[in-house]
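Undergrad: everything below, folded, please.
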Amino acid sequence: MRTIDSDGQSDDSPPAPRPVETDTPGRADRLGARLAALRRPGLSNPVWVDAVVPTLLIHAVLLVFAIAAVIVFYPNDLQGTDGLRMWNHWDGPHFLELAARGYWSADPARIVLFPLYPLLIAIVSWVVSPLVGAMALALAFSLLAAGGLYLLVQLDTDRETARLSVIAMNLFPTAFVFIAPYSESLFLALVVWSFLFARRGNWAGAGLAGALAGATRLQGAFLIPALAVEYLVQKRVLQTRRLDLDAIWIAVALLGPLSYLAINWVVFHNALYFVEAQRFWFHVQNAAPWDWMPGFVDTALNGTMNEGWLTVYIAPLVAFAVLAVTAIWCFFSRASRLSYAVYTLLTLVSFLTLNWPISVPRYILGVFPVFILGGRLGRRPWLGSPLFAASVLLLGLFTTLFVIGHWAF
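TA: Now for the predicted structure:
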């Protein structure tokens, strides 16, 4: 039997080659295996087969569907355009304005948008038009999010559940914004990869991705406590009562939200100016749920059933229910993690404090456990099939509303 002396060397002479430890591989071995998997071409790589290709195909179908929807409702809108303008509604033009003019020259109301996505649009605009660049970025980050989600789910379950989770992400009723010039795909990709890096023990990657997420959306700040919980669980800090240098990288994630506050301070001399902007221009402010929810629910139950009733009242309430169910599942399911539960619960609480939550159905696209739960439910034929069918129908409906210029979150 081999023995190891005090300086860590084997006493065998000559030393026999060390066997490959396939049951408990080191971090370098696991990383090398995953990198090798990513280098596999074509159909031999499950990430491409189960995540990237389906995402591309679903995007292509939605693009064709959007053209058909515009032809049916507003055929003249397609004349003399490149066919992409139909996607440039609501927040889209605001992101493009910010990319072109910056916070100093743009409308002051644009301060409610975080800086990373407009910065990336400004960079790619040196090569292509801003709209094309913004939509190309949305596609690229959708693919990155799909691949990351697939790998993350596989850490806890099987390939089929991972594949269905990616399908749930792409067929979610508001997933059309992954095509539009919106920041949702960028934010989702950064959140997913931050958790993936953390689960793999790469805390530098987790912290850096978390910082970028915090420079993309306000909810990126919730990654900090979630990553801290993941760190405590992985490192067994409560048992060992010891921290190591990896904890520093969690603090690095603070740089994202701090950079946004700094922009508010530099431009408007008020680090919290975005709060005033939300209240003044968009009539959105923080309030206790019991102050605004009763009236909101009453309107949903007794209001006139029309398009606005569906998108402004019913859809946000359904989104809250989805988030609540997901948070409960995260806390009690063995297929989830406590860090996922913390991130989901904090997001839910923050949304519940919005007195006018009409964009929540879109915002929850950044809560990736929703898609993991969707993937697990998809394994149940009696429940998965109806849920996916309903999701596809709603996705078609909301995509139509969006591309013809109506409100869709």
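Undergrad: what packs against the longest helix along the chain?
TA: Using DSSP state H, we find that the single longest helix of the chain is helix 130-154. Helices and strands touching helix 130-154, by 3 or more CB pairs under 8 Å, 6 or more residues apart in numbering; DSSP states H and E, are helix 46-47, helix 53-73, helix 91-105, helix 116-124, helix 159-171, helix 184-199, helix 369-377. Just so you know, the C-beta spots here come from the backbone N, C-alpha and C atoms, and that holds for glycine as well.
Undergrad: one more pass at 10 Å, please.
TA: Packing partners of helix 130-154 (3 or more CB pairs under 10 Å, 6 or more residues apart in numbering; DSSP states H and E): helix 27-39, helix 46-47, helix 53-73, helix 91-105, helix 116-124, helix 159-171, helix 184-199, helix 369-377.
Undergrad: state the mean pLDDT of it.
TA: When pLDDT is averaged over helix 130-154, the result is 98.
Undergrad: return the residues in contact with the spatially most central residue of the chain.
TA: By CA atoms, centre = their mean, the chain has its centre lying nearest to Leu188, at 1.7 Å. By CB atoms under 10 Å, 6 or more residues apart in numbering, the contact list for Leu188 reads 141-142, 144-146, 148-149, 169, 178, 213, 216-217, 365-368, 371.
Undergrad: measure it to Lys235 for me?
TA: 27 Å (CB to CB, to the nearest Å).
Undergrad: Gly366 now?
TA: As judged by CB to CB, Gly366 and Lys235 stand 26 Å apart.
Undergrad: so what's Asn45 scoring on pLDDT?
TA: For Asn45, the predicted pLDDT is 89.
Undergrad: oh, that last question was meant for Leu243, not what I typed.
TA: Note on Leu243: pLDDT of 89.
Undergrad: now do the same contact list for it.
TA: Residues in contact with Leu243 (CB under 10 Å, 6+ apart) are Tyr231, Leu232, Lys235, Val237.
Undergrad: cutoff 8 Å now
TA: By CB atoms under 8 Å, 6 or more residues apart in numbering, the contact set of Leu243 is Lys235, Val237.
Undergrad: wait, a strand at it?
TA: No - assignment of Leu243 by DSSP: H, G, I helix; E, B strand; the rest coil gives coil, placing it outside any strand.
Undergrad: so how far is Ala68 from the closest residue to Val70 other than its chain neighbours?
TA: If the residues on either side of it in the chain are set aside, Val70 comes closest to Met86, at 5.3 Å by CB to CB, 6 or more residues apart in numbering. Applying CB to CB, the value for Met86 to Ala68 is 11 Å.
Undergrad: Leu345 too?
TA: Distance from Leu345 to Ala68, by CB to CB: 40 Å.
Undergrad: measure stretch 122-135 end to end?
TA: 13 Å (CA to CA, to the nearest Å).
Undergrad: returning to that earlier point: quick one: contacts for the residue nearest to Val70?
TA: By CB under 8 Å, 6+ apart, the contact set of Met86 is Ala66, Ile67, Val70, Asp77, Leu78, Val403, Ile404.
Undergrad: the last one against Ile71, yeah?
TA: In other words, Ile404. No - using CB atoms under 8 Å, Ile404 is not in contact with Ile71; the gap is 10.5 Å.
Undergrad: can you give the domain ranges for the protein?
TA: Per automatic domain parsing, the structural domains of the chain span 42-182, 199-269.
Undergrad: reformat these as a markdown table; add distance to Glu307.
TA: Listed next are the domains of the chain as a markdown table, based on distance: least, CB to CB, whole Å:
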| stretch | distance to Glu307 |
| --- | --- |
| domain 42-182 | 13 |
| domain 199-269 | 27 |
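Undergrad: mind checking those domains for the one nearest to Trp356?
TA: domain 42-182 (13.1 Å; CB to CB).
Undergrad: surely Gly201 is within a strand?
TA: No - read with three-state DSSP, Gly201 is coil and lies in no strand.
Undergrad: relative to Arg337, how far out is it?
TA: 14 Å.
Undergrad: then Val124?
TA: Val124 is 34 Å from Arg337, by CB to CB.
Undergrad: looking at those two, which one has more neighbours?
TA: A count of neighbours by other CB atoms under 10 Å puts Arg337 above the other of Val124 and Arg337, at 23 against 17.
Undergrad: nearest spatial neighbour of that one, skipping sequence neighbours?
TA: Glu230 (6.8 Å).
Undergrad: show me the contacts for Pro316.
TA: By CB under 8 Å, 6+ apart, the contact list for Pro316 reads Phe296, Pro357, Ile358, Val360, Pro361.
Undergrad: that one in helix, strand or coil?
TA: Of the three states, Pro316 takes helix under three-state DSSP.
Undergrad: the chain should start at 338 in everything you say after this.
TA: That works, and once the first residue is 338, the last one we named lands at Pro653.
Undergrad: relative to Leu480, how far out is it?
TA: On the measure of CB to CB, Pro653 and Leu480 end up 29 Å apart.
Undergrad: do the same with Gly733
TA: 22 Å.
Undergrad: repeat for Ser670
TA: 27 Å.
Undergrad: can you check Leu591 too?
TA: Leu591 is 28 Å from Leu480, where distance means CB to CB.
Undergrad: neighbour count for these two, which is higher?
TA: A direct count of neighbours by other CB under 10 Å for Leu591 and Leu480 places Leu480 higher, at 19 against 16.
Undergrad: mind showing which ranges of the stretch 388-537 of the chain have poor pLDDT?
TA: For the stretch 388-537 of the chain, residues meeting the criterion pLDDT under 70 lie at 414, 416-419.
Undergrad: how about Tyr597, nearest residue that isn't a chain neighbour?
TA: Of all residues beyond its chain neighbours, the one nearest Tyr597 is Phe451 (5.5 Å), with distances taken as CB to CB, 6+ apart.
Undergrad: check Val384 too.
TA: Residue nearest to Val384 in three dimensions, not counting chain neighbours: Gly484, with 5.2 Å by CB to CB, 6+ apart.
Undergrad: any idea how far that neighbour is from Trp385?
TA: Per CB to CB, Gly484 is found 8 Å from Trp385.
Undergrad: give the contact list for Ala590.
TA: Counting by CB under 8 Å, 6+ apart, Ala590 has contacts Ser531, Ala543, Gly544, Gly547, Ala548, Ala550, Gly551, Gly557, Leu560, Ile561, Leu564.
Undergrad: could you redo the last one with a cut-off of 10 Å?
TA: Going by CB under 10 Å, 6+ apart, Ala590 touches 531, 543-551, 557-558, 560-565.
Undergrad: sounds good, over and out.
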